[in-house]
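# No sequence on hand, only this structure:
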């Protein structure tokens, strides 16, 4: 895929992908892609990533059913970050929140607060099968 | 700053920070912070980063005047990514676009298109002084 030639993958062959919900503008998550997962994302219209902790290829929603349908893929001026607009099925966060960014730092930086409702518990998400 | 203890800085002491325009929801840029730049961001209400290429601390807008006033700092479930809501003065991108994500991949991944107007040229931004 020739667009990959415009992108800078890091020394581990990875590029960060910011995932944004197209309708609401809510930033849902950030995860890493390698060239294979980006190509699979473009080819299938579903987001695919590379897990650094598990060293494994994964499709978002493959276990939870909470897939992401790709609407747009943008990249930044340096070509080293992706911004992907999606339609999100269910909760994006494995902790059951719509967005992984469900905690905000309080004034002064001493503590945080939870800023959105938990839609499901992880047990509800992952025990369905 | 105790909130830093909730965060996971990588093996270089860095954490990626997604910068989003609060009013519009437009994702403007992604840059890296170390603990010092996050503490300075919280203390001053202006975004500060760490440049990996220049190995230097920088305040967004210090040369261009295009500063970012911090409205909210969120962090994700893994504690390894920040999402910062700002009010942006001028263009966030050093190439003169409102957002660094001004190019989108076309269907099939073979090419890209520019999706927003260039507000200023880099020469206009950086020759002001």
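Nice, I can see it. For clarity, every value in this text was computed on a predicted model and none was experimentally measured.
# buried set for the helix ranked longest in chain A?
Longest helix in chain A, counting residues (DSSP state H): helix A:35-44. Residues A:37-42 are the ones in helix A:35-44 that count as buried (16 or more other Cβ atoms under 10 Å in any protein chain shown). The way it works is simple: take the backbone N, C-alpha and C, and place the C-beta from them, glycine included.
# what's the farthest-apart pair in these?
A:37 and A:42 (9.9 Å; Cβ to Cβ).
# ranges for the helices of chain A?
Using DSSP H, helices in chain A cover A:35-44, A:122-126.
# rank these by mean pLDDT and give me the bottom one.
Of all these, mean pLDDT reaches its minimum on helix A:122-126 (a mean of 92).
# residue contacts, residue A:30?
A:16-19, A:100, B:16, B:18, B:76, B:81 (Cβ atoms under 8 Å, 6 or more residues apart in numbering or on different chains).
# Please identify which residue in chain A comes closest to chain B.
Residue of chain A nearest chain B, by Cβ to the nearest Cβ: residue A:25 (2.7 Å).
# Can you give the contact residues for the helix or strand of chain A with the lowest mean pLDDT?
Lowest mean confidence among the helices and strands of chain A (mean pLDDT, DSSP states H and E): helix A:122-126, at a mean of 92. Contact with helix A:122-126 is made by A:63-64, A:66, A:90-91, A:94-96, as judged by Cβ under 8 Å, 6+ apart.
# what mean pLDDT does stretch A:10-19 have?
So the average pLDDT for stretch A:10-19 ends up being 96.
# Show residues contacting that stretch.
Contact with stretch A:10-19 is made by A:7-9, A:27-35, A:38, A:47, A:49-50, A:52, A:60, A:68, A:80-84, A:86, A:92, B:16, B:18, B:27, B:30, as judged by Cβ under 8 Å, 6+ apart.
# mind redoing it with 7 Å?
The contact list for stretch A:10-19 (Cβ atoms under 7 Å, 6 or more residues apart in numbering or on different chains) reads A:7, A:9, A:27-35, A:47, A:50, A:68, A:80-84, A:86, A:92, B:16, B:18, B:27, B:30.
# Just the buried residues of stretch A:122-129, please?
Using 16+ other Cβ under 10 Å as the test for burial, stretch A:122-129 gives residue A:125.
# Quick one: residues contacting residue A:27.
Contacts of residue A:27 (Cβ under 7 Å, 6+ apart): A:18, A:20, A:99, A:101, B:18, B:20, B:27, B:83.
# Any chance of TSV for those, columns distance to residue B:114?
Formatted as TSV, the contacts of residue A:27 follow (distance: Cβ to Cβ, whole Å):
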residue	distance to residue B:114
A:18	19
A:20	19
A:99	28
A:101	28
B:18	21
B:20	21
B:27	16
B:83	25
